[in-house]
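# need coordinates for the below:
(chains A and B)
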2 protein chains.
Amino acid sequence: MDEVIADVTPKFLDLYEEAYGRRLEPGDFWGKKIYDLHEDAYVLRDRLHDKGFFRDLPVMPDSQEVVRRLCEDYDVFITTAAMEFRSSFEDKFDWLADHFPFIHWKNIVFCGDKSIIKADYMIDDHVKNLLNFDGKGLLFTASHNAEETRFTRVNNWREVEGFFYERMRG
Amino acid sequence: MDEVIADVTPKFLDLYEEAYGRRLEPGDFWGKKIYDLHEDAYVLRDRLHDKGFFRDLPVMPDSQEVVRRLCEDYDVFITTAAMEFRSSFEDKFDWLADHFPFIHWKNIVFCGDKSIIKADYMIDDHVKNLLNFDGKGLLFTASHNAEETRFTRVNNWREVEGFFYERMRG
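Next up is the predicted model:
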């Protein structure tokens, strides 16, 4: 979900600006998460535990349209490492119901360690999740994975669509 | 979780008795779920959506001790088809923290359809979950699976322990 279909970056830009009085540019945190920029910024990560944090995140561009198209040809599951954040469960469930109503509850998974997931493909922003995955992993570009070269990279949802429907990559 | 490590039966016996004035005996609902006994009883199933329903369920006998032992030798995940019940997420999470504190949040999975689970073994009371499972399924005895013969059956947690540590069955 986060940084693949749900955009957490604007909220962390706001939190960083509130704390340090400076609006970051993408180049400022390329290769990192915003809360990993310097040691004291890590406290910003605690906001992930707040009720409501995940409820109003913007939807990543084109994700709804492409996921809906994929649902016509694939059995699409949304898997999210929510389990660290007890307060996120209902927010994430409601967010999906709002923005991805065509995803049945049977196809939603809240987990901690994604090594438990069995699937043919996984679209994820975290290298650790793809390393533990048996199927074909697609690395969805995010600031913290910018330097990674081991996986097929998709920079946006149009490239995901291209992978599955044009096989231009892979 | 339910009917494997968490005992939902006493609560449904109470609900049935409140509704119909009769305390059921195990023989009355063998082969079925209590809410499938007759058509109008199905409304009792709606109670699964109540906040708190899953919070105070009794722990199945010996499950804590055997799961704790299994954790020494296996990577144990708790997977539960919670996703139908939005109100259950926090209750199930808190119940696990109370009764199975040695299960790390990384090893908890809330899903809908367990066909997404990759593991070597699955201990489950539902035939449908074991049918879709690639590994070795152990059918944990519950009223609704009493007639099933296709899977290795475990009647209680001592038999689970026996399966993994004595290989008397399988």
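# can you list the residues of chain A near chain B?
A:77, A:79, A:82-84, A:86, A:89-90, A:93-94, A:104-113, A:115-119, A:134 (Cβ under 8 Å from any Cβ of the partner chain). In this view, the C-beta of every residue, glycine as well, is placed from N, C-alpha and C.
# for chain A, which residues score under the pLDDT cut-off?
In the predicted model of chain A, residues A:167-170 satisfy pLDDT under 70.
# which residues in it form helices?
Secondary structure of chain A by DSSP state H: the helices cover A:9-20, A:63-73, A:88-99, A:127-131, A:157-165.
# okay, these in JSON lines with mean neighbour count next?
JSON lines is the format used below for the helices of chain A (neighbours: other Cβ atoms under 10 Å in any protein chain shown):
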{"stretch": "helix A:9-20", "mean neighbour count": "15"}
{"stretch": "helix A:63-73", "mean neighbour count": "16"}
{"stretch": "helix A:88-99", "mean neighbour count": "18"}
{"stretch": "helix A:127-131", "mean neighbour count": "16"}
{"stretch": "helix A:157-165", "mean neighbour count": "18"}
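# closest to B:Leu48 out of those helices?
helix A:88-99 (15.6 Å; Cβ to Cβ).
# on that earlier part again, filter the residues of chain A next to chain B down to the ones in strands?
Using DSSP state E, the subset of the residues of chain A next to chain B located in strands is A:Thr79, A:Ile108, A:Val109, A:Phe110.
# of the helices of chain A, which is nearest A:Leu138?
With Cβ to Cβ as the measure, helix A:157-165 is the member of these nearest A:Leu138 (6.4 Å).
# who touches A:Phe151 in this structure?
A:Val127, A:Leu130, A:Gly137, A:Leu138, A:Leu139 (Cβ atoms under 8 Å, 6 or more residues apart in numbering or on different chains).
# how about these, which pair is most distant?
A:Val127 and A:Leu138 (12.0 Å).
# ok, now which ones touch the nearest residue to A:Val4 once chain neighbours are set aside?
Leaving aside its chain neighbours, A:Val4 sits nearest to A:Phe140 (4.8 Å; criterion: Cβ to Cβ, 6 or more residues apart in numbering or on different chains). Counting by Cβ under 8 Å, 6+ apart, A:Phe140 makes contact with A:Glu3, A:Val4, A:Ile123, A:Asp124, A:Asp125, A:Val154, A:Val160.
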